[in-house]
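S.K.: A structural model of the following input is requested.
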Amino acid sequence: MLARPSEHIPTVSKREHQQRPISHSCSMIRDRIQSALVLEDDVDWDVLLKAQMTEVARGTRYLRNATLPMHSPYGDNWDLITLGHSGVNNNPMKDQHYWLTKNDPTVLAPERQAWSRKPDLSAPSLAGNHIRYVHEVVKLTATTAYAVSLRGAARLLYDQSMLPNAKSIDMAILKLCRYDAWGLPFCLGAYPMLFGRYRAIGPIDKDSDRKSGNENESKLIPQNGRDRLVPESELTVFPVSLNIGRLLKGEHIIPSVAPKKDMMAEVDLKKFILPKGQPVFVKTGEYVDWQAAQRIEVKDEEPSAKTSVQTSEQLKQEEPKKEEELAAETKTEVPIPEATTSELVTPTTSTEVQSATPIINVERRSMRHQRYEDM
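M.R.: Residues are numbered from 1 along each chain as shown. As a prediction, the model looks like this:
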């Protein structure tokens, strides 16, 4: 398991955590804490969390080629592992490794995966439902739960305090994940997420620390004023929060949040064993969706290139007509000395038009390739 955070690290609300993005990093560096798990105050998790984290540890060790001796079961060559989020992205333009746990009943059913940010899992070796992936992360949304190593905390503190990059914690991590400057991807992650959110009975306004209206909490303007009558757990299958009563009674049969949608309607804690994951290596050309997007991009550019060719052909056909018109105009105008006429009237030749056309095409192709590089 991850090292237990020091007692000196204060427990803060989600709003305070986002406003003080480097507080945990400072405490970790001061107390030399090797790794810590940072949780928001409304976090929820599965009753099978220990088994889930075991698979995450196997995955991170595989992705980072960890070898003995190791100080951490997750390996020693990592900075940040996002475990609770609202979606992540991978990089389909890179050959990379994945750790897959198939037939995992703690993975949300596809119809429950309503978030918008999703990785490209279109490679045949990654296909399937109820699979949890451990992989490199280039973008993420939300910081419900994440693990950070001592090295990652130092790099985060450096980026946020000594460089002109100060942001809220979610945007700071997003930047480090997307534009890594340390040689290896800064972020690893589990997808779908392991940690969700608990929604307690009471005012729905309590779900968020964001305030509307006066910042004075005594004069807080409600967002909607409605109450929740039944507690809920989001982004989980067998949540601890909704089953505390059963666990305190010693029960071992835990129902799922959505029995008709989830892989298993209930789980027996005494008998169930989470499947063991396996390594998978995927090359860039295997991502079907990304390859299709490339073809669509190229196809969208082809009509414009074709138009430029047609335009040059039209210019070739129209050039003789222009010369005839110019000749006709010179006949109807007041006579001008021949020497002066040759100096003033210099019609553009078709050769000049042809030499200009390839330049347009080259610029258009270079712009297209630049767009691929910026993706």
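
S.K.: ok, which stretches of the stretch 101-250 of the chain are strands?
M.R.: According to DSSP state E, counting those that start in this stretch, the stretch 101-250 of the chain carries its strands in the segments 132-136, 139-140, 145-149, 187-191, 195-199, 202-203, 227-228, 232-234.

S.K.: who's in contact with the third one?
M.R.: Read it as strand 145-149. 2, 24-25, 28, 34-40, 43, 45, 72, 74, 76, 78-85, 156, 173, 193-195 (CB atoms under 8 Å, 6 or more residues apart in numbering). Bear in mind the C-beta positions are built from the backbone N, C-alpha and C, glycine included.

S.K.: hang on, the earlier thing: among the strands of the stretch 101-250 of the chain, which comes closest to residue 241?
M.R.: With CB to CB, the closest approach to residue 241 among those belongs to strand 195-199: 4.4 Å.

S.K.: now do the closest one: which elements does it pack against?
M.R.: With contacts taken as 3 or more CB pairs under 8 Å, 6 or more residues apart in numbering; DSSP states H and E, strand 195-199 sits against strand 43-45, strand 80-84, strand 232-234.

S.K.: so which of those is nearest residue 249?
M.R.: Once the helices and strands packed on strand 195-199 are compared by CB to CB, strand 232-234 is nearest, at 18.8 Å.

S.K.: paired strands for the closest one, with orientation please.
M.R.: If you go by DSSP bridges, strand 232-234 pairs up with strand 195-199 (antiparallel).

S.K.: the partner strand: which residues count as buried?
M.R.: Neighbour counts over strand 195-199 (16 or more other CB atoms under 10 Å) mark 195, 196, 197, 198, 199 as buried.

S.K.: tell me which two in the residues you listed are the farthest apart.
M.R.: For the buried residues of strand 195-199, the farthest-apart pair by CB to CB is 195 and 199; their separation is 14.1 Å.

S.K.: show the contacting residues for the closest residue to residue 196 other than its chain neighbours.
M.R.: Leaving aside its chain neighbours, residue 196 sits nearest to residue 235 (3.3 Å; criterion: CB to CB, 6 or more residues apart in numbering). By CB under 8 Å, 6+ apart, residue 235 lies in contact with 44, 84, 86, 108, 192, 193, 195, 196, 197.

S.K.: quick check: the second one touching residue 170?
M.R.: In other words, residue 84. No. With contact defined as CB atoms under 8 Å, residue 84 does not reach residue 170; the gap is 11.6 Å.

S.K.: compare those two and say which one has the larger neighbour count.
M.R.: Neighbour totals were compared for residue 84 and residue 170, and residue 84 leads with 25 against 19 (other CB atoms under 10 Å).

S.K.: for residue 96, give its distance to residue 281.
M.R.: Counting by CB to CB, to the nearest Å, the separation of residue 96 from residue 281 is 8 Å.

S.K.: okay, those two: which has more neighbours?
M.R.: Ranked by neighbour count (other CB under 10 Å), residue 96 and residue 281 place residue 96 first, with 17 against 10.

S.K.: ok, residue 68 - how many residues close by?
M.R.: Here the number of neighbours of residue 68 (other CB under 10 Å) works out to 4.

S.K.: any idea which element it lies in?
M.R.: Assigned by DSSP states H and E, residue 68 belongs to neither a helix nor a strand.

S.K.: before we move on, the earlier item: what's the closest of the buried residues of strand 195-199 to residue 133?
M.R.: Among the buried residues of strand 195-199, and counting by CB to CB, the member closest to residue 133 is residue 195, at 15.7 Å.

S.K.: so for stretch 161-180, mean pLDDT?
M.R.: In this model, stretch 161-180 has a mean pLDDT of 91.

S.K.: for it, buried residues please.
M.R.: Going by 16+ other CB under 10 Å, stretch 161-180 has these buried residues: 169, 170, 172, 173, 174, 175, 176, 177, 178, 180.
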